[in-house]
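*Asks:* Fold the stuff below for me.
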Amino acid sequence: MNKNFIYGIAAVKFGTAVIGYIEKGSWDWGGTKPETIDVEAEQVPDAPVLTLVQKNGQISPTFNLIQLDYENLHNVLGGELVGSEGNYTGWKAPTNLVEKSGKWTIDFVSGQTMTIANGTILANLGGKLTLTEVSKVECQLKVNKPADGGAPYEINNTPSEG
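*Replies:* The predicted structure is shown next:
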């Protein structure tokens, strides 16, 4: 694998659970550009004399989950599974506010893995109900500062299995 490029989604995991198929072309890194303040001087009319960085750039990925089995619905929307593990027969929407936060990993086809130590998922059922497309859960992943104060996310070589 050429580690000079990052491309393709191999798997998206919340904790240890793979959350299912992501709609083709729906993943967008989102987020914000770095914020700065330019310091201007009367004696220097053509450019700032100093740029103060106020905030680093951030990511906030959005994507559509299209594999809507009951466990995937539960993983991103919360709520309650109906039935027993391995043989769920339904899912109930949450009755209280849901905050689903924790470790997220995104394995890339190109051989790297992004780890988000503290991500909060915001999700809702969306799309259309037709015979030409599937329903989806529209998701946004908010990247929060980890409790230990470390990096909000990192990218490393995907560990070898076996």
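*Asks:* use CA for all of it now, contacts and neighbours both
*Replies:* Noted.
*Asks:* State the three-state secondary structure for the residue positioned nearest the centre of the chain.
*Replies:* Note on the chain: the residue nearest the mean C-alpha position is L141, at 3.7 Å, using Cα atoms, centre = their mean. Assigned with DSSP: H, G, I helix; E, B strand; the rest coil, L141 falls in the strand class.
*Asks:* roughly how far apart are the residue lying closest to it once chain neighbours are set aside and T62?
*Replies:* Leaving aside its sequence neighbours, L141 sits nearest to I121 (Cα to Cα, 6 or more residues apart in numbering; 4.6 Å). To T62, I121 is 10 Å away according to Cα to Cα, to the nearest Å.
*Asks:* So for those two, which residues contact both of them?
*Replies:* Shared contacts of I121 and T62 (Cα atoms under 8 Å, 6 or more residues apart in numbering): 139-141.
*Asks:* related to what we said a few turns ago, wait, the residue nearest to the centre of the chain sits on L122?
*Replies:* Yes. Judged on Cα atoms under 8 Å, L141 makes contact with L122 at a distance of 6.3 Å.
*Asks:* which residues of the protein fall in strands?
*Replies:* 9-14, 17-18, 35-39, 50-55, 62-65, 80-84, 87-92, 100-108, 112-126, 136-143, 153-157 (DSSP state E).
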